[in-house]
Each structure stands twice: as structure tokens, then as C-alpha cells.
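Chemist: Requesting a structural model of the entry that follows:
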Amino acid sequence: MSTANSKPAAADPSKKDAVLLVDDEKPLLEVFSAALSPMFEITTATTAREADFLLQKKTFKVVVADHLMPGGNGMNFLVRAREEFPYMQRVLVTGYMKPEMLLRSVNEAALFRYLLKPVAIAELIKVVQDAAKAHDASAVTK
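Modeler: So this is what the prediction gives:
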């Protein structure tokens, strides 16, 4: 794609797609952020409340949220985000969900995808890239 002598097209931060990562585990946020930051402009939040605030300040193509967090769960956050920002793609990360709860969650928040912990970094990158493309496709057809 790019050679050592040329700069990749995504090198300009203003041209990167914005992604919001929400998780109460700061080390996990740091790992996810490091993995995604070469391709995306990453913003992080450690609570659903902080994420709600950030959604009012900036436009994101994709939000990746943990399910269980103190002070509010990621699923409820994603349902609210769907109502206010329908084209933003939503990805839920969970390690604790029964299949029937997962199905309900997918439907209520209109999830793009869900990822089960532990999340493989390659899978995270692929899902976020696909979600950003889906955002572009849905926003164009509005």
C-alpha cells in the first residue's frame, strides 16, 4: 500500500475517521487505542456519562463500548447513542452475556457487531474498519 519513501494517505490526522472507545479498564483502552490510532482518530472515555458528553462535542463514525462498567452500562449507552446518532456504527464488547441478552442487545442498539472478550486486536481493527465503511454507506443513502 505505501512504501518506505511515501507517506500513507491517513497520515493527516484531520483526514482520519473518528472513533470513540468506552471502557472503564484504562489498560484495555490504551491497548485498543494504540492498535487503532494508526488508522483512526481515537477519543477515549472511561464512563458512559463521559462518552455521552463527548458525543455532544464531536462527530464519530464508530463507537466501541464495553458492556459492564460502573456508573452505567455500555448497552444502555449504545441504545441512547442509536437514538441520537443513527448513522454512527455501534460495537459492543462483552465478556458476560447470555445468548438471549446478546440478541436483545443487538436489536435494541442496532449493533454493527459485538466482540467477546478477550478481543483479538486483528479482529478489533477489522470490525472498526468495516464499521467505518458501513457508516459511510449508510450516511450516503440517507
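Chemist: Now for this protein, the helix or strand with the poorest mean pLDDT.
Modeler: Lowest by mean pLDDT, DSSP states H and E among the helices and strands of the chain is helix 99-109, with a mean of 81.
Chemist: Could you check how far that helix is from the centre of its chain?
Modeler: 17 Å (Cα atoms, centre = their mean, to the nearest Å).
Chemist: Which SSE is immediately downstream of that helix?
Modeler: strand 113-116 (DSSP states H and E).
Chemist: Quick one: mean pLDDT over that next one.
Modeler: In this model, strand 113-116 carries a mean pLDDT of 92.
Chemist: where do the helices sit along the protein?
Modeler: 26-36, 48-57, 74-84, 99-109, 121-140 (DSSP state H).
Chemist: Just the buried positions in the shortest one, please.
Modeler: Going back to what we said before, that points to helix 48-57. 48, 51-52, 54-55 (16 or more other Cβ atoms under 10 Å). (Glycine included, C-beta is placed from N, CA and C.)
Chemist: And for the residue found closest to residue 59 once you drop the neighbours it is linked to in the chain, the neighbour number?
Modeler: Of all residues not flanking residue 59 in the chain, residue 18 sits nearest, at 6.4 Å (Cβ to Cβ, 6 or more residues apart in numbering). Residue 18 has 17 neighbouring residues, counting by other Cβ atoms under 10 Å.
Chemist: now the one 3 residues further on
Modeler: Taking other Cβ under 10 Å as the criterion, the count of residues near residue 21 is 27.
Chemist: list the contacts for it?
Modeler: Residue 21 sits next to 29, 32-33, 36, 42-45, 63-65 when contact means Cβ atoms under 8 Å, 6 or more residues apart in numbering.
Chemist: a markdown table for the residues you listed, including neighbour count, pLDDT and distance to residue 95?
Modeler: Formatted as a markdown table, the contacts of residue 21 follow (neighbours: other Cβ atoms under 10 Å; pLDDT from 0 to 100; distance: Cβ to Cβ, whole Å):
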| residue | neighbour count | pLDDT | distance to residue 95 |
| --- | --- | --- | --- |
| 29 | 19 | 96 | 15 |
| 32 | 24 | 98 | 14 |
| 33 | 16 | 98 | 19 |
| 36 | 22 | 98 | 20 |
| 42 | 21 | 98 | 22 |
| 43 | 18 | 98 | 23 |
| 44 | 18 | 98 | 19 |
| 45 | 22 | 97 | 19 |
| 63 | 29 | 98 | 18 |
| 64 | 30 | 98 | 14 |
| 65 | 26 | 97 | 13 |
